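J.: Sequence and predicted structure are below.
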Amino acid sequence: MKRRGLSWLVCGLILLLGCRSSQQNEAPSPYLRLSGVDEVPTLDPAIGYDTTSWLFEQMIFNTLVDYDDSGHIVPELARSWSESADGRVVTFQLRDDVRFSNGRRLVAADFKFSLERVLRPQTRSQGVEFFRTIAGAEDFIAGRSDQVRGIEARDRQVLRIELQRPDPLLLHKLAMQFAAVVPREEVERWGEDFARHPVGTGPFVLREWSSGRRLLLERNANYFLPGRPRLAGVIRLVGVSDQLAWFKYESGTLDVTTIPPAEFPRVIRDPDFAPLLRKQTSLRTTYLGLNCTMAPFTDARVRRAINHAVNKGKLLQLINNRGVAARSILPPKMPGYDPTIPGYDFDPVRARSLLAEAGYPNGFSTSLWIRSDEDTRRLAQAIQQDLADVGVHAEIHPIAWGPFLEAVRTPGLVPMFVLGWEADFPDPSNFLEVLFHSKNRGSNNDTFYSSPNVDRLLDLASTSIDQGARLRLLQQVERLIMADAPWVPLYYPVTYEVVQPRVRGYHLPPLRPPRLEEVWLADVNDAAATSARPGPPSS
């Protein structure tokens, strides 16, 4: 890649001494400064189902329970909970010191409203499938009842949830942003515009959302944890490529960023960067999706051929080996991961043979849809070349993140796409049921895959209270799906980020985006940061 000239050379020599260009004489910003290529899709927790939305939703909203850094369930807005002997009733005792950012005190009825809002068809929430096991949910969804009988506010601080059957994943589901609590009065006030005017109980509040420019969050004065958050706010610039973000980081105008591929070898070898690096292997798989309802991908032989055609080793080189080649759907840290699944070796000869067997001896033409960013485009070009080598001509179709998510869920529109899935919670069903059960086509089953046998086994697993038996069923499911090949599993990513020396308390958890309420900035005077709201930094 072409170097950046004199400014790059100067900043490269004195990077960790704090190259600040025109910012040298300015007061340190009390805001944590982030950036991204795409707009944040939504700030409505009932709607958002991507890591970008969740990063900011978890700053604004809270759930009953959450995870610690080891992935264990811990209380958040619930002080405690108890389960009935048969596992069908869970009763939560709520904190009594929580207020929404509008000043109104949280009560148990707010959770009933919020969960019913997710289940209401008019909300169009992708979280519906997670809460169908609640008693009365199906009647509510079908319009046969005006409330979910299994969700009961016993009094102001006690919430009772009754299930149709035991659900070993209920607490995990209640830790998802779909289950975040929202105030009825604000939802009714704003309607669908609630996504642009979110009100929650979290550590931050939305202060400004300039589409295509920036998102600005500031400290929630009503947050229930004293002294938190420690930041005055968070600013996230929009439309900033990975390389531009790196320039901004080097000039001191960005606090956290990923490392562009061209810079990665230098950064990873430089001992001065060691204390600034953050690294984490997440529960995530990057994959090439094949739409099973669009010819020629309706033929499993074609899908297997595509699996054999892709050179995953070459893809890893493009990302500086920041990942592990994937041979199956589930990532290695997921319970139930099966290292004996054979996967598909890189074998262009076998790929061409399968294409000929399926009636495509000369290949075919198709399109490959991707998120419009530099790293994904580079991967797509490598895949495009691999496919061309076996006679498949794929035109790359880049598109912004929000529209891309909508496109892949539209029937009959996207034949192939590159996407990643990061676990919502540490259970294999969160990959296998959410992404491959036929009931989820058009919501999260973006390949529109359908197998009666897979559906049957997934349904059996969902009712099993024996964890060992569940995992064995789900391992069988994964093998069946791999044989049908709706995915080309590409790699399991390893995330690297780098922070400015002033950033303290920032780390990458194995599950979910980083939490920012514990982050603080060493060069910002605490008294100044907690005084009257400062003006946002220039960008």
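T.: Looks like it arrived, so ask away.
J.: how close does Leu435 get to Ala274?
T.: Plainly put, Leu435 is 37 Å away from Ala274 if you go by Cβ to Cβ, to the nearest Å. C-beta here means a position set from N, CA and C on the backbone, and glycine is covered the same way.
J.: just Glu39 next, same as before
T.: Distance from Glu39 to Ala274, counting by Cβ to Cβ: 34 Å.
J.: contacting residues around Ser211?
T.: Neighbour list for Ser211: Glu39, Val238 [criterion: Cβ atoms under 8 Å, 6 or more residues apart in numbering].
J.: swap in Glu39?
T.: Residues near Glu39 by Cβ under 8 Å, 6+ apart: Ser211, Gly212, Val238, Ala400, Trp401, Gly402.
J.: farthest-separated two in the residues you listed?
T.: Using Cβ to Cβ, the contacts of Glu39 span at most 13.5 Å, a distance reached by Ser211 and Trp401.
J.: ok, Arg502 to Ile259 distance?
T.: In terms of Cβ to Cβ, Arg502 sits 18 Å off from Ile259.
J.: mind listing what the residue nearest to Gly391 when sequence neighbours are not counted touches?
T.: Leaving aside its chain neighbours, Gly391 sits nearest to Gly363 (2.4 Å; criterion: Cβ to Cβ, 6 or more residues apart in numbering). If you count contacts by Cβ under 8 Å, 6+ apart, Gly363 has them with Leu355, Val390, Gly391, Val392, His393.
J.: Drop anything exposed from the residues you listed.
T.: With burial judged by 16 or more other Cβ atoms under 10 Å, the buried subset of the contacts of Gly363 is Leu355, Val390, Gly391, Val392.
J.: and which of the residues you listed is nearest to Ser114?
T.: Closest approach to Ser114 among those (Cβ to Cβ): Val392, at 46.0 Å.
J.: From what I see, that closest one and Ile306 are in contact.
T.: Yes - between Val392 and Ile306 there is a contact under Cβ atoms under 8 Å: 7.2 Å.
J.: Give me the domain ranges for this structure.
T.: Domain assignment of the chain by automatic domain parsing yields the ranges 6-42+204-276+497-529, 62-181, 284-493.
J.: Out of these, which gets nearest to Ser53?
T.: Closest of the domains of the chain to Ser53 is domain 6-42+204-276+497-529, at 5.1 Å (criterion: Cβ to Cβ).
J.: what pLDDT does Pro168 get?
T.: pLDDT, Pro168: 84.
J.: Strands along the stretch 51-200 of the chain, start to end?
T.: Along the stretch 51-200 of the chain, the segments classed as strands by DSSP state E, counting those that start in this stretch run 65-67, 73-75, 78-83, 89-94, 151-155, 158-162.
J.: Check the offset of stretch 213-231 from the chain's centre.
T.: In this view, stretch 213-231 has its centroid 22 Å away from the chain centroid, taken as Cα atoms, centre = their mean, to the nearest Å.
J.: Quote the end-to-end distance of it.
T.: Terminal residues of stretch 213-231 are spaced 21 Å apart (Cα to Cα, to the nearest Å).
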